[in-house]
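Colleague: sequence below, structure please.
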Amino acid sequence: MIERRTILTGAGAALTTSLFTGRVKGANDRIAVGHIGLGAMGTSNLGFALRLPDVQVAALCDVYQPHLERAVTNAGKAGVTPKTVKDFREILADKSIDAVCISTPDHWHAYMSIEACKNGKDVFVEKPSSVYVEEAQKMVQAARKYNRVVQAGTMQRSGGYFKKAAELVKSGILGEVTFVHTWQSGAVKKQGWGKPADAPVPAGLNWDMWLGPAPKVPFNLNRWGVGVTTFPTFRYFWDYAGGAMTDWGVHLIDPVHQC
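Modeller: Here you go, the predicted structure:
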């Protein structure tokens, strides 16, 4: 399995290879999308995609079988029968797929996005774009080198109120803005190291693939912590995320850049 340092070295070095030339789509073609990660945000993003007439949900991928089965059921209700895989690399290698929607835990975002660009796929990646700034820089390089469209899931960037606020700031009506203070706080219960203790891997979960570029550790429910109805506790481990600041904090910082 790929390690994080490879994202910054091997994947970065791969940016010097020849430019991928993808298919040119006609105005009436539907965009074939592969959805990678089908937990809370993945389920939500899939629901939106199934309602878009110009989008064909072509493939579904998750390392946890119950998530995959739920996604298949949801797609079936919309009259769609996408192929299913447990290894995202199968989606990246499929030349019939135009774009990917990456809704995995944060530590996978950079590598999957870079590899998608290298394989000629456009990318929608959930926020945060990456865990580390250097990873995000490599993502930008990949998008430019391979001439791909890459969008991060900072939905407020498209919100009317936020657009209006940015216009007001840029208009100069507030004068010169020299300092901005933004923050993230929230009441989230303590997760606690060792509570619960490490445990056997649940049936249907490929824990090694879930860890991916992160350090190899025994399964722990808090480290996994993904689901539709449960809080994503993986965000409180540095191996996978950056706590509240790289969760909702992203949405509170982004309007500053928008202005």
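Colleague: Lys195: neighbouring residues, count only.
Modeller: Neighbour count for Lys195, taken as other CB atoms under 10 Å: 10. Backbone N, C-alpha and C define where each C-beta goes, glycine included.
Colleague: equivalent analysis for the one 3 residues further on, please.
Modeller: Around Asp198 sit 12 other residues, with neighbours defined as other CB under 10 Å.
Colleague: pull the contacting residues for it.
Modeller: Residues near Asp198 by CB atoms under 8 Å, 6 or more residues apart in numbering: 217-220.
Colleague: and these, which of them are buried?
Modeller: With burial judged by 16 or more other CB atoms under 10 Å, the buried subset of the contacts of Asp198 is 219-220.
Colleague: which one of the contacts of Asp198 sits closest to Leu52?
Modeller: Closest approach between those and Leu52, by CB to CB: Phe219, at 36.0 Å.
Colleague: and the closest one, what does it touch?
Modeller: Counting by CB under 8 Å, 6+ apart, Phe219 touches 198-202, 205, 207.
Colleague: got JSON lines for the residues you listed, with secondary structure and pLDDT too?
Modeller: Below are those laid out as JSON lines (DSSP: H, G, I helix; E, B strand; the rest coil; pLDDT from 0 to 100):
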{"residue": "Asp198", "secondary structure": "coil", "pLDDT": "90"}
{"residue": "Ala199", "secondary structure": "coil", "pLDDT": "92"}
{"residue": "Pro200", "secondary structure": "coil", "pLDDT": "96"}
{"residue": "Val201", "secondary structure": "coil", "pLDDT": "96"}
{"residue": "Pro202", "secondary structure": "coil", "pLDDT": "94"}
{"residue": "Leu205", "secondary structure": "strand", "pLDDT": "96"}
{"residue": "Trp207", "secondary structure": "helix", "pLDDT": "98"}
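Colleague: ok, back up a step: can you tell me which of the contacts of Asp198 is nearest Phe88?
Modeller: Taking CB to CB as the measure, Phe219 is the one of the contacts of Asp198 closest to Phe88, at 20.1 Å.
Colleague: just give me the neighbour total for the residue nearest to the closest one when sequence neighbours are not counted.
Modeller: Nearest residue to Phe219 in three dimensions, chain neighbours excluded: Val201, at 4.5 Å (CB to CB, 6 or more residues apart in numbering). The burial count assigned to Val201 is 13, neighbours taken as other CB under 10 Å.
Colleague: surely Val201 and Met209 touch.
Modeller: No. At 11.1 Å, Val201 does not count as touching Met209 under the criterion of CB atoms under 8 Å.
Colleague: list buried residues within the contacts of Phe219.
Modeller: Among the contacts of Phe219, those scoring as buried are 205, 207 (criterion: 16+ other CB under 10 Å).
Colleague: JSON lines for the contacts of Phe219, including distance to Val140?
Modeller: Putting these into JSON lines (distance: CB to CB, whole Å) gives the following:
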{"residue": "Asp198", "distance to Val140": "37"}
{"residue": "Ala199", "distance to Val140": "39"}
{"residue": "Pro200", "distance to Val140": "40"}
{"residue": "Val201", "distance to Val140": "35"}
{"residue": "Pro202", "distance to Val140": "36"}
{"residue": "Leu205", "distance to Val140": "32"}
{"residue": "Trp207", "distance to Val140": "31"}
